[in-house]
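Engineer: coordinates only, sequence not included:
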């Protein structure tokens, strides 16, 4: 089975005065289709407004830049929307069933990357959006008769309702137009700032690793996903790991650059390439991956298709090598007892994140 794991940049789907939306195409990156995952990136200019919509895929949004983000969500059968505040470092789960709108109330661009699973998507490996408003909204798809009777309007009112908004996907709101204000209590429950969270691992001169699971943040269970933020210092390495529960990793490089190696079936090297900011990279289930930062360092968010992912480590306290008996290691690697002891001692002192060599 040959898979092209080469990382890809997103392609521009729509651009307007209010902002831009990018997506990763499953036809260009077929591994997205195979792994049933997808990604998109939203750039909202100040006063940029993305129309209310829902999609066919569960996902998480990670705010890369901005401090004035506002998102509204409405759930089926709900009588009121929930309005949340977003800033850089925030992660917000976006369930399939939620209708959401997005607005930039700040003075600089708001950048959000979306990563999710597409097992029920119309187009495998991509998110499909259903717009509630705008020129491509559902109102315009119904006839005047249907809209007038459904909403108890006369024909003129029904025409006005369906056709007054000529914008597509996202627009820029005029100065002075008011939008709903975020609710702090709701934001605290439904948004998690992973940048500000205490890391699970912090190794001097190597970096930090912060995981986000349903145990830490119950609302992320609504989308069946989890996330890991890795910040590597210059020339540091994140040691080889694999998902032991058949989940898939989707890596988005937020800052810096580096290199990734992935080993797959029969010990084959299936990827050894450069990673740059903006790259999306998929690590298939059970494949072993390791990253190393360039001199400037590298930051990336990894989305995993499980709420409580289980990883197999080859270094650190939970290393597979450290758990195997000496005799098994000697026989498996054809090592002398003396070298096996040296190797085991090194493993016990190792960490998941490794600083550069002196």
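Structural biologist: Arrived safely. What you see is a predicted model, and the numbers here were worked out from it, not measured in a lab.
Engineer: What are the buried residues along stretch 90-110?
Structural biologist: Across stretch 90-110, burial judged by 16 or more other CB atoms under 10 Å covers 90-96, 98-106, 109-110. For every residue, glycine as well, the C-beta is placed using N, CA and C.
Engineer: and the residues you listed, which of them are in strands?
Structural biologist: 90, 91, 92, 93, 94, 99, 100, 101, 102, 103, 104, 110 (DSSP state E).
Engineer: ok, the fifth one touching residue 60?
Structural biologist: Just to be clear, that refers to residue 94. Yes: using CB atoms under 8 Å, residue 94 is in contact with residue 60, at 6.9 Å.
Engineer: Check which element follows the biggest helix by length in the chain along the chain.
Structural biologist: Longest helix in the chain, counting residues (DSSP state H): helix 337-349. Sequence order places strand 353-354 as the next helix or strand after helix 337-349, per DSSP states H and E.
Engineer: Neighbouring strands - and their directions - for that following strand?
Structural biologist: Note on strand 353-354: by DSSP bridges, its sheet partners are strand 237-243 (antiparallel).
Engineer: The strand it pairs with - what's its average pLDDT?
Structural biologist: Confidence for strand 237-243, expressed as mean pLDDT, is 95.
Engineer: buried residues in the helix or strand just after that strand?
Structural biologist: Next along the chain after strand 237-243, taking DSSP H and E as the criterion, comes strand 249-263. Buried residues in strand 249-263, defined by neighbour count with 16+ other CB under 10 Å: 249-254, 256-260, 262-263.
Engineer: which residues do residue 94 and residue 60 both contact?
Structural biologist: Taking CB atoms under 8 Å, 6 or more residues apart in numbering as the contact criterion, the residues that touch both residue 94 and residue 60 are 114, 116, 223.
Engineer: Kindly indicate the member of those residues with the most neighbours.
Structural biologist: residue 116 (29 neighbours; other CB atoms under 10 Å).
Engineer: Could you point out the bridge partners of that one in the sheet?
Structural biologist: With DSSP bridges as the criterion, residue 116 is bridged to residue 38, residue 59.
Engineer: what does residue 83 give?
Structural biologist: Beta-bridge partners of residue 83, as defined by DSSP bridges: residue 72.
Engineer: I'd assumed residue 70 was in contact with it.
Structural biologist: Yes: using CB under 8 Å, residue 83 is in contact with residue 70, at 6.5 Å.
Engineer: one step back: which of the shared contacts of residue 94 and residue 60 lies closest to residue 333?
Structural biologist: residue 116 (39.6 Å; CB to CB).
Engineer: Count the neighbours of the closest residue to residue 102 other than its chain neighbours for me.
Structural biologist: Setting aside the residues directly before and after it, residue 102 is nearest to residue 50 in space (CB to CB, 6 or more residues apart in numbering), at 4.0 Å. Around residue 50 there are 23 other residues, counting by other CB under 10 Å.
Engineer: partner strands of whatever helix or strand residue 50 lives in, parallel or antiparallel?
Structural biologist: Assigned by DSSP H and E, residue 50 falls within strand 48-55. Within its sheet, and counting by DSSP bridges, strand 48-55 is paired with strand 99-104 (antiparallel), strand 129-131 (antiparallel), strand 170-172 (antiparallel).
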